[in-house]
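J.: Next comes the sequence, and after it the predicted model I'd like to discuss.
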Amino acid sequence: MQPPRTPAVRTQDIIYQGADGVFEGYAAIPPGVAAPRPCVVLTHDWSGLNEPIKHLAERYAALGYICFAIDVYGKGVRGDPLGDNVRLMQPLLDDRALLRDRLLAGLRAASEIPGVDPARMAAVGYCFGGLCALDLARAAPANLLAAVSFHGALQPPQASVTGRISASILLLHGWDDPIAPPADVQAIASELTQAGADWQLHAYGHVQHAFTFEGARFPERGIVYDERADTRSWAAMRAHLAAVFNRA
């Protein structure tokens, strides 16, 4: 069961231009925005910017942040939340430079939303979106203060050399996740250390992939919802964002 929607949250579809096309994001704005507020840039999973991601954006807005769910597939290009979306995701995994450009376009669009403090931005993503949040941190935009990956894929781009990462990184990971096995965890720990990043890893024992998705019931594929890890990871994300934004 998903938490109830927050009626006081105002939502808006926002069309923006990227280097290679037109994209459509979804802004969720908490009530009573007067002074500029921090913004959470939400990067979608492999199914694209569908209703579950919009619902998540509203949950982040209910925390008091302006949330902008960006779009890396293109306006009107959406997958199936319960289906196989490799055809949408794989071209961007094969061209991480293109993915980076689309992520940066989304960040710029988020920075321009009225009420957003463009100096206090964070990226948060789930599964493929977790990889996207990390790639945005790897791009090192000056105003990105934090990046949070929930059960994200952890592989770095193959053809690039990561420079210094200034965003504070939080990895929320199921230790038995077959998508990101322990070797990948060790690799990203080394990468983030070499990049000089401030990073944390919360690994949840006996937990598999997609542990925050309540509909995940596919143990044969290592994709299983875990209520305890879901609760713990949400609390860890809240504490991480609060700490980063409050010291900015």
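T.: Structure's in. What do you need?

J.: buried residues in the longest helix anywhere in the chain?
T.: Counting residues, the longest helix found in the chain (DSSP state H) is helix 227-247. Across helix 227-247, burial judged by 16 or more other Cβ atoms under 10 Å covers 229-230, 232-233, 236-237, 240-241, 244-245. To be clear about C-beta, it is placed using only N, CA and C from the backbone, and glycine gets the same treatment.

J.: Stretch 157-173: how far from the chain's middle?
T.: 13 Å (Cα atoms, centre = their mean, to the nearest Å).

J.: tell me how far the ends of it are from each other?
T.: 20 Å (Cα to Cα, to the nearest Å).

J.: shaky segments in this structure?
T.: 1-7, 159-162 (pLDDT under 70).

J.: And the helices in it?
T.: Going by DSSP H, the chain shows helices at 51-62, 86-94, 96-111, 128-139, 182-194, 227-247.

J.: Alpha carbons of the longest helix of the chain, as CSV, please.
T.: Taking Å, rounded to 0.1, in the frame of the first residue of the first chain, the C-alpha atoms of helix 227-247 are listed here in CSV:
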residue,chain,number,x,y,z
GLU,A,227,9.5,-3.2,4.6
ARG,A,228,12.3,-2.8,7.2
ALA,A,229,14.9,-1.7,4.6
ASP,A,230,12.3,0.6,3.0
THR,A,231,11.7,2.3,6.4
ARG,A,232,15.3,2.5,7.3
SER,A,233,16.4,3.8,3.9
TRP,A,234,13.7,6.5,3.9
ALA,A,235,14.9,7.7,7.3
ALA,A,236,18.5,7.7,6.2
MET,A,237,17.7,9.7,3.1
ARG,A,238,15.8,12.3,5.2
ALA,A,239,18.6,12.7,7.6
HIS,A,240,21.2,13.0,4.8
LEU,A,241,19.3,15.7,2.9
ALA,A,242,18.5,17.6,6.0
ALA,A,243,22.2,17.6,7.1
VAL,A,244,23.4,18.7,3.7
PHE,A,245,20.9,21.4,3.1
ASN,A,246,21.1,22.8,6.6
ARG,A,247,24.9,23.3,6.4
